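Trainee: Below is the sequence, then the predicted model.
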Amino acid sequence: MDEIPADEPYVLLEESRELLPAGPAAARPGPRRDQAVALGWLVGIWVLLWGDLSWGNLLAGLVIGAAVLLFFPLPPVTFGGRLRPGPLLVLAVTFAGELVSASLHVAAVALRPGFRPRGAIIAVPLRVRTDLNLALTAEVISLVPGTLILEVDRDRGVLYVHVLDVRGPEDLTNSRERVLAVERRIVRAVGSPAEVRQLSPEPVERRNHP
């Protein structure tokens, strides 16, 4: 057996009797934690859809979320991130503000006599292409009035978003930036350190000289 460095932790595998470096895989959370996280998000989405935070809605969300996970099992989506209270609060407050602002805008468009708003479909490639980030970003975008997710390209990490009241190229650019801003807030709130680093744009020298 090769000499083992004394300053590096190792894990002994029972079957092969090999010593491997102890890393994130050795401390990977089990499926119960993943299911608990999924159930929490399902309950949160249920409460948001009803728009009423009450014990009845929380209980109904728990029952329906547990039934969905039991009878309609989804592909395993592991959660390797961290819950950060500060960015999580920023995500919630910003979402509430966008919800009110978008609702007022859609109401103004609907009540404007003789006005026919133009819609558009835009493709927005996300920077963090995990299933969890795709799902969370798509859910938050769909809950805001005036935007709707039409399709998710899981392999390429692209969201196809329908936006309302498009008057020019600037509106398309602003809509893409809003989607990426939602993704940034979500990743900073619940993403892993590696996923947070993916949000930073590459230096110009690195992009021009791969």
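Mentor: Perfect, I can see it now.
Trainee: The longest helix anywhere in the chain packs against which elements?
Mentor: Of all the elements of type helix in the chain, the one with the most residues (DSSP state H) is helix 85-111. Packing partners of helix 85-111 (3 or more C-beta pairs under 8 Å, 6 or more residues apart in numbering; DSSP states H and E): helix 131-143, helix 169-190. In this view, the C-beta of every residue, glycine as well, is placed from N, C-alpha and C.
Trainee: quick one: average pLDDT of it?
Mentor: Mean per-residue pLDDT for helix 85-111: 92.
Trainee: Only the buried residues of that helix, if you could.
Mentor: Pro87, Leu91, Phe95, Glu98, Leu99, Ala102, Val106 (16 or more other C-beta atoms under 10 Å).
Trainee: correct me, but the third one touches Glu139?
Mentor: No - in this structure, Phe95 is not within contact of Glu139 by C-beta atoms under 8 Å, at 10.6 Å.
Trainee: related to what we said a few turns ago, excluding its own residues, what touches the helix or strand following the longest helix of the chain? List them.
Mentor: Downstream of helix 85-111, the next assigned helix or strand under DSSP states H and E is strand 120-125. Here strand 120-125 makes contact (C-beta atoms under 8 Å, 6 or more residues apart in numbering) with 150, 156-163, 166, 171-172, 175-176, 179-180.
Trainee: Separate out the buried members of the residues you listed.
Mentor: Among the contacts of strand 120-125, those classed as buried by 16+ other C-beta under 10 Å are Gly157, Val158, Leu159, Val161, His162, Val163, Val166, Asp171, Ser175, Arg176, Val179, Leu180.
Trainee: Pull up the gap between the last one and Val128, please.
Mentor: For Leu180, the distance to Val128 equals 11 Å [C-beta to C-beta, to the nearest Å].
Trainee: so Phe52, which of the three states?
Mentor: Not Phe; residue 52 is Asp. Of the three states, Asp52 takes coil under DSSP: H, G, I helix; E, B strand; the rest coil.
Trainee: tally of neighbours for it?
Mentor: Neighbour count of Asp52, defined by other C-beta atoms under 10 Å: 9.
Trainee: how much does the longest helix of the chain deviate in direction from helix 169-190?
Mentor: Angle between the axes of helix 85-111 and helix 169-190 is 150 degrees (criterion: axes from the mean of the first three to the mean of the last three C-alpha atoms, to 10 degrees).
Trainee: Could you check the angle helix 85-111 makes with helix 131-143?
Mentor: Using the same axes, to 10 degrees: helix 85-111 against helix 131-143 is 40 degrees.
Trainee: distance between helix 85-111 and the chain's centre?
Mentor: Relative to its chain's centre, helix 85-111 lies at 17 Å (C-alpha atoms, centre = their mean, to the nearest Å).
Trainee: swap in stretch 161-171?
Mentor: With C-alpha atoms, centre = their mean, you get 23 Å for stretch 161-171.
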